[in-house]
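Colleague: structural data only, the sequence is not supplied:
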């Protein structure tokens, strides 16, 4: 992706957060659709390009496929939304954002007259802005089709496109997954902090958490005028995705340092209002937090998800992180997604039982 689109550098830490190398093959199997499978079966059957399992600071499994390698940077797609939410939390703690109950137009007055005029920051974080934008990848007339067309053209205007939509519902009343919402959050982040999001991420998140490698953030057009594509334009190596997952699993703490505001991850990964409770989003049992998908079960697990099979799955209670990058042939593949969750559930059960 970085060969196709302009991007902005996100500088790494001077000293990386150390991760322990795998001690040997992970003897993990799971049952799915009447078959017993191992992780190589899983990777092949779900078209994985990378797979990393982290338990505490111990890498249990790390493999690359489809020509990828440890120095490959994998595009986040919508997993990047969870990073944007985290940066909003940092800006809130710093006082750059006064309250999540503030209206978006308090920071972005140009939103007056559109879907975001009456929305709060919290509404947008919860994908409950009320915008008419629709995320239907199979329709050439959908909001996301127009968004991706502008993304591919790389001539700017993603923010202006995202804010042009009108309201379909009252803010805060209905869940409607919309990449436009995250693009608006990216503009809020830039305006509130006075910094380019890539620079803010480098100084407030990437360096403090101990990222090993430079990341990149895709821009909607070349040069200084380019805006970071907040809805899903990060390019990150597998181990640094895992380090971010480790940070999320540890309430934002690394090496005794509070990198993220204490309690932010817990706040961002619980369903707060009726429309985002578990099983209320539409099809399926998931809930929604602040740009994180919430996994039901005995633990407080959550995941970032991106089209074409990108996952950053975190179980804080078990100190478990799974990073899966993929090259699905469609934007979304229900059978592959279901198997990914089944594998994660089985792995969580084994860790819970004290097995690796």
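Modeller: Cool, the structure landed. Since we're looking at a predicted model, the values are computed, not measured. Numbering: from 1, shown residues only.
Colleague: spatially, what comes nearest to residue 132 if we skip its sequence neighbours?
Modeller: residue 168 (3.9 Å; CB to CB, 6 or more residues apart in numbering). No exception for glycine: its C-beta is placed from N, CA and C like everyone else's.
Colleague: doesn't residue 143 make contact with the one you found?
Modeller: No. The pair residue 168 / residue 143 is not scored as a contact, 10.6 Å apart, by CB atoms under 8 Å.
Colleague: sorry, back to before: quick check: the residue nearest to residue 132 vs residue 81, distance?
Modeller: Taking CB to CB, to the nearest Å as the measure, residue 168 and residue 81 are separated by 20 Å.
Colleague: same check on residue 36?
Modeller: 35 Å.
Colleague: and the two? Which one has more around it.
Modeller: residue 81 (30 against 9; other CB atoms under 10 Å).
Colleague: can you give me phi and psi for that one?
Modeller: phi -60, psi -40 (degrees, to the nearest 10).
Colleague: try residue 325
Modeller: phi -110, psi 150.
Colleague: all strands of the stretch 201-350 of the chain, in order?
Modeller: 215-218, 234-236, 253-254, 257-258, 287-288, 293-295, 301-306, 310-315, 320-326 (DSSP state E, counting those that start in this stretch).
Colleague: my error: substitute the stretch 1-150 of the chain in the last question.
Modeller: 7-10, 29-32, 35-38, 48-55, 58-64, 74-75.
Colleague: okay if I get these as a markdown table plus distance to residue 260 and mean pLDDT?
Modeller: A markdown table is the format used below for the strands of the stretch 1-150 of the chain (distance: least, CB to CB, whole Å; pLDDT from 0 to 100):
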| stretch | distance to residue 260 | mean pLDDT |
| --- | --- | --- |
| strand 7-10 | 16 | 98 |
| strand 29-32 | 32 | 97 |
| strand 35-38 | 35 | 98 |
| strand 48-55 | 18 | 99 |
| strand 58-64 | 22 | 98 |
| strand 74-75 | 22 | 99 |
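Colleague: mind checking which of those strands is nearest residue 188?
Modeller: strand 7-10 (17.9 Å; CB to CB).
Colleague: for stretch 246-257, buried residues please.
Modeller: Neighbour counts using 16 or more other CB atoms under 10 Å place 246-254 of stretch 246-257 among the buried residues.
Colleague: nope, stretch 321-340 is what I meant
Modeller: So stretch 321-340, judged by 16+ other CB under 10 Å, has buried residues 321-328, 331, 333, 336-337, 339-340.
Colleague: again, but for stretch 285-301
Modeller: 286-295, 297, 299-301.
Colleague: do stretch 177-189 as well
Modeller: 177-189.
Colleague: who are the neighbours in contact with residue 49?
Modeller: Residue 49 makes contact with 64-66, 68, 72, 74, 325-327 under the criterion CB atoms under 8 Å, 6 or more residues apart in numbering.
Colleague: try 6 Å
Modeller: The contact partners of residue 49, taken as CB atoms under 6 Å, 6 or more residues apart in numbering, are 65-66, 68, 325-327.
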